[in-house]
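Enquirer: sequence and predicted structure, then a few things I'm wondering about:
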Amino acid sequence: MTGTMQFSAGAHDKDVDKRAGACSSAPAVRPLAHRPVLADEAPREVLSRPDGIYVDATFGRGGHSRRLLKLLGAGARLFAFDRDEEAVAAARAIDDARFSIIHAPFSEMAARLAERGVARVDGILMDIGVSSPQIDDPQRGFSFRFDGPLDMRMDTSTGMTAAEWIARADAAEIERVLRDYGEERCAGRIARAICAARADKPFARTGELADFIARTIGRSHKDAGQHPATRSFQAIRIHINGELDELARALDEAGMLLAPGGRLAVISFHSLEDRMVKRFFDAGAHPERAVDARIALRQSDLPEPLWRDVRRVKPSRAECEENPRARSAVMRSACRTERSWDGAASAGGAR
Ligand SMILES: C[S@@+](CC[C@H](N)C(=O)[O-])C[C@H]1O[C@@H](n2cnc3c(N)ncnc32)[C@H](O)[C@@H]1O
């Protein structure tokens with residue numbers, strides 16, 4: 001354990017913004033020493049039975065996993081997932097027979113656990129976004145703080161890099177991604193300019209793309225402290241990693257996997273993800289709201305909730321002061337009821 005800790009997309013983006021314009025080719029990469037967000041609260045939030053089966057869907061560098069292991073009994077199991085091979089390699093340092101690491105996207109949680117004979121779990125923790133080791137390594141191409149190859153894949157063993165996508169996507173697709181995932185007001189202008197410029201020279205480096213976006217749209221008065229490429233970089237990263245689809249699928253899988261009384265906790269760092277999680281829990285906790293109010297039904301005919309005890313936790317003021325990145329974090333959690341998951345509304349509809 002290096003003591004370096006995570007920060008996630010939204011928090012990272014804002015942090016980078018404050019150092020806007022600094023695109024150096026000679027990075028002094030110092031991983032940020034840090035605690036995971038809600039380090040103590042999040043593992044406790046998913047704990048139901050000390051000797052149960054648990055999932056850390058986003059191992060990162062294992063801050064939450066290690067704390068969860070301390071809370072669990074000798075008969076417990078903890079299955080951790082990460083799609084990043086470096087995170088998986090870091091997990092091998094955990095020498096604990098109760099712990100297993102799985103290199104897979106969390107959307108495949110149920111299938112990967114089924115291969116290991118696990119059909120039901122007692123708690124699932126998801127701390128979504130990117131980790132500081134990912135952001136701080138220029139070779140991963142997530143950040144324009146330092147120049148590096150335009151990659152942005154969490155799993156570098158598969159899929160298209162950001163450079164490949166930018167070389168191939170048409171202007172309408174680039175505009176949609178920047179608008180939908182980055183809430184970028186100048187999405188159309190940036191997309192058209194990228195398509196015109198790439199004919200001469202493809203975009204290969206984070207620095208090239210960040211400088212190009214800055215020249216294309218200039219600095220906004222509204223987002224004064226923010227680098228003009230911040231929203232675009234967030235959007236491209238979300239698209240390249242299919243982050244919202246991953247989340248929607250994983251929420252459904254978690255609902256299906258959890259035993260009655262088991263808890264799911266999701267920490268998110270920007271509003272797109274938090275909105276999905278909120279709608280997912282709201283819809284499951286209040287299925288009666290989906291029933292047409294004109295249909296007269298007895299209380300006993302109304303659908304049973306899938307979730308109860310829905311909670312929302314923000315990091316304390318002290319944590320935010322110690323760690324500014326915690327400011328944008330929100331943890332939402334809920335407890336699974338007895339109702340079977342079959343036929344439950346999918347989280348895809350929560351977007
Ligand atoms: C914010 S960090 C988690 C930090 C972790 N809680 C800790 O204490 O170190 C998010 C991690 O989730 C991983 N991740 C993000 N999306 C994923 C997905 N769809 N499937 C599997 N892992 C994912 C990232 O690779 C990253 O390592």
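Expert: Sure, I can see it. These numbers were taken from a predicted model, which means no experiment stands behind them.

Enquirer: low-confidence ranges, the stretch 1-150 of the chain, go.
Expert: Applying pLDDT under 70 to the stretch 1-150 of the chain picks out residues 1-35.

Enquirer: how about the residues of it near the ligand?
Expert: Counting by Cβ under 6 Å from any ligand atom, the residues of the stretch 1-150 of the chain close to the ligand are 6, 8, 36, 58, 60-64, 81-84, 87, 105-106, 127-131. Every C-beta, even on glycine, is put in place using the N, C-alpha and C of the backbone.

Enquirer: Ile194 reaches Ile174, doesn't it?
Expert: Yes. Counting by Cβ atoms under 8 Å, Ile174 is a contact partner of Ile194 at 6.0 Å.

Enquirer: list the contacts of the residue in the stretch 51-200 of the chain that the ligand sits nearest to.
Expert: For the stretch 51-200 of the chain, the residue closest to the ligand is Gly60, as judged by Cβ to the nearest ligand atom, at 2.4 Å. Residues in contact with Gly60 (Cβ atoms under 8 Å, 6 or more residues apart in numbering) are Gln6, Pro36, Asp82, Ala87, Asp127, Ser131, Pro133.

Enquirer: so which of the residues of the stretch 1-150 of the chain next to the ligand sit within helices?
Expert: Judged by DSSP state H, these include Gly63, His64, Ala87 as members of helices.

Enquirer: which one among those residues gets closest to Ala285?
Expert: His64 (24.4 Å; Cβ to Cβ).

Enquirer: so who does the closest one touch?
Expert: Here His64 is in contact with Pro36, Ala39, Ala42, Pro43, Asp56, Thr58, Leu125, Asp127 (Cβ under 8 Å, 6+ apart).

Enquirer: repeat for Ser157
Expert: Per Cβ under 8 Å, 6+ apart, neighbours of Ser157: Glu85.

Enquirer: returning to what we had before: so what's the residue of the stretch 51-200 of the chain closest to the ligand closest to, chain neighbours aside?
Expert: Ser131 (4.3 Å; Cβ to Cβ, 6 or more residues apart in numbering).

Enquirer: verify the stated contact: that neighbour with Arg61.
Expert: Yes. Here Ser131 reaches Arg61: they are 6.5 Å apart, a contact under Cβ under 8 Å.

Enquirer: which of the two has more neighbours?
Expert: Ser131 (29 against 25; other Cβ atoms under 10 Å).

Enquirer: just list whatever residues bridge to Arg77.
Expert: Judged by DSSP bridges, the bridge partners of Arg77 are Ile53.

Enquirer: right, and it touches Ile53 too?
Expert: Yes. The criterion here is Cβ under 8 Å, and Arg77 meets it with Ile53 at 4.7 Å.

Enquirer: common neighbours of the two, please.
Expert: With contacts taken as Cβ under 8 Å, 6+ apart, the residues that reach both Arg77 and Ile53 are Val118.

Enquirer: show me whatever sits in contact with both of Ile194 and Ile174.
Expert: Common contacts of Ile194 and Ile174 (Cβ under 8 Å, 6+ apart): Ile166.

Enquirer: number of residues surrounding the residue nearest to Arg49 when sequence neighbours are not counted?
Expert: Nearest residue to Arg49, sequence neighbours excluded (Cβ to Cβ, 6+ apart): Asp122, at 5.2 Å. Using other Cβ under 10 Å, Asp122 has 25 neighbouring residues.

Enquirer: so Pro43, which of the three states?
Expert: helix (DSSP: H, G, I helix; E, B strand; the rest coil).

Enquirer: Gly63 is in contact with that one, correct?
Expert: No. Assessed by Cβ under 8 Å, Pro43 is found out of contact with Gly63, at 9.4 Å.

Enquirer: wait, the residue nearest to Arg49 touches Ser48, no?
Expert: Yes. Counting by Cβ under 8 Å, Asp122 does reach Ser48; the two are 4.9 Å apart.

Enquirer: list the residues that contact both of these two?
Expert: Common neighbours of Asp122 and Ser48 (Cβ under 8 Å, 6+ apart) are Gly261, Gly262.

Enquirer: where along the stretch 251-351 of the chain do the helices fall?
Expert: 271-285, 317-322 (DSSP state H, counting those that start in this stretch).

Enquirer: with the stretch 51-200 of the chain instead?
Expert: Ranges of helices in the stretch 51-200 of the chain, per DSSP H, counting those that start in this stretch, are 63-71, 85-91, 109-115, 132-136, 162-168, 171-182, 187-198.

Enquirer: what is the last one packed up against?
Expert: Applying 3 or more Cβ pairs under 8 Å, 6 or more residues apart in numbering; DSSP states H and E, we find helix 187-198 packed against helix 162-168, helix 171-182, helix 206-217.
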